[in-house]
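Q: below is the structure, and that's it, no one-letter string:
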């Protein structure tokens, strides 16, 4: 360990070591993620090779199976890790995480709060941005999701991160007792009804602080924007989405790929006004009846989200933490190793 280096830096430098996660790429570009173990082996339908052939070697080493199939070996990048790690809830894609870090202006030393941790994908990007000298309070309603997120985040950094604090509970209940009023620089929410927490977020943010929300549908986006305007303590919100399309590169055959990462979610940002200051009213208000005013119960199914079965969450939590999960029928073996999501393929998934 190198105490003078930022958390996680040492395990991403130098030769490959036992316990490192390694991403293998075959001649067709297919990806597989393994964890190196002395005496271990990677098996395919066209031969195998031993992990010992990689341990002690530099990144970028090529190994060959008994059948002559070559694999490039690199440590996974953050984006690779996010797309291949075990997950209980759907993850925020790297394209959105990058937008969040930039557009919310997450800076080294920032005091950040996130709610709706899920599997911990965004948490890793936020911790990298705030650094060891910042602070990130992550709040997750579900204890099982929190356990999966903790295992994923600590597995990525190689140890607990000194800037991270993870709490289980509702944002409205946890946040007022966890931070001083007007002390938080940035708040990032990934939840079903973020408008329900506008009050506690406004109380926690410093003047000029950024509030960013990630929502899946236009109905959520509209409701949040209008409620922020009605609250009066925030500047005019801005909303957008990002689409990513890769390109095929082969000789003169340079063209867009047929598949792309399209809509994943909408991002909305706004700034906290100074205490006692009300944001100027918009010159144009939406037409009467533009959105429902009656209180309604929102469920994930109403918004088209696929429910996550309790059985799957227990299995993923057991695999990633290596611990017995309450309610699970079969205890995890002591040497259980978390399998990569999707059979090890780190190509984008639409779970």
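A: That came in fine, so what should we check first? A quick note: this is a predicted structure, and the numbers were derived from the prediction, not measured. Residues are numbered from 1 along each chain as shown.
Q: from the contact counts, what lies against the helix or strand hosting residue 315?
A: Element membership for residue 315 (DSSP states H and E) is helix 310-321. Where contact means 3 or more Cβ pairs under 8 Å, 6 or more residues apart in numbering; DSSP states H and E, helix 310-321 is packed against helix 143-157. Yep, even glycine has a C-beta here, placed from its N, CA and C like the rest.
Q: now for the helix it packs on, which elements pack on it?
A: helix 121-130, strand 135-140, strand 164-168, helix 310-321.
Q: mean pLDDT for those - can I get that in CSV?
A: Output for the helices and strands packed on helix 143-157, formatted as CSV (pLDDT from 0 to 100):
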stretch, mean pLDDT
helix 121-130, 97
strand 135-140, 98
strand 164-168, 98
helix 310-321, 86
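Q: quick one: closest of these to residue 44.
A: helix 310-321 (21.5 Å; Cβ to Cβ).
Q: what residues sit buried inside the closest one?
A: Judged by neighbour count (16 or more other Cβ atoms under 10 Å), helix 310-321 contains these buried residues: 313-321.
Q: need the pLDDT of the closest residue to residue 59 other than its chain neighbours.
A: Counting by Cβ to Cβ, 6 or more residues apart in numbering, residue 74 is the residue found nearest to residue 59 once chain neighbours are left out, at 5.1 Å. Reading off the confidence values, residue 74 has pLDDT 97.
Q: count of neighbours near residue 74?
A: 14 (other Cβ atoms under 10 Å).
Q: that one pairs with what?
A: When assigned by DSSP bridges, residue 74 has beta-bridge partners residue 23.
Q: need the buried residues of helix 310-321 in CSV (columns: distance to residue 24).
A: Output for the buried residues of helix 310-321, formatted as CSV (distance: Cβ to Cβ, whole Å):
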residue, distance to residue 24
313, 28
314, 29
315, 24
316, 22
317, 26
318, 25
319, 20
320, 20
321, 25
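Q: between those residues, which is closest to residue 80?
A: For the buried residues of helix 310-321, the nearest to residue 80 is residue 320 (16.6 Å; Cβ to Cβ).
Q: who's in contact with the closest one?
A: By Cβ atoms under 8 Å, 6 or more residues apart in numbering, the contact set of residue 320 is 85-86, 148, 151-152, 155, 338.
Q: go on, residue 37?
A: Applying Cβ under 8 Å, 6+ apart to residue 37 gives the contacts 18-19, 51.
Q: looking at those, which has the most residues close by?
A: residue 51 (20 neighbours).
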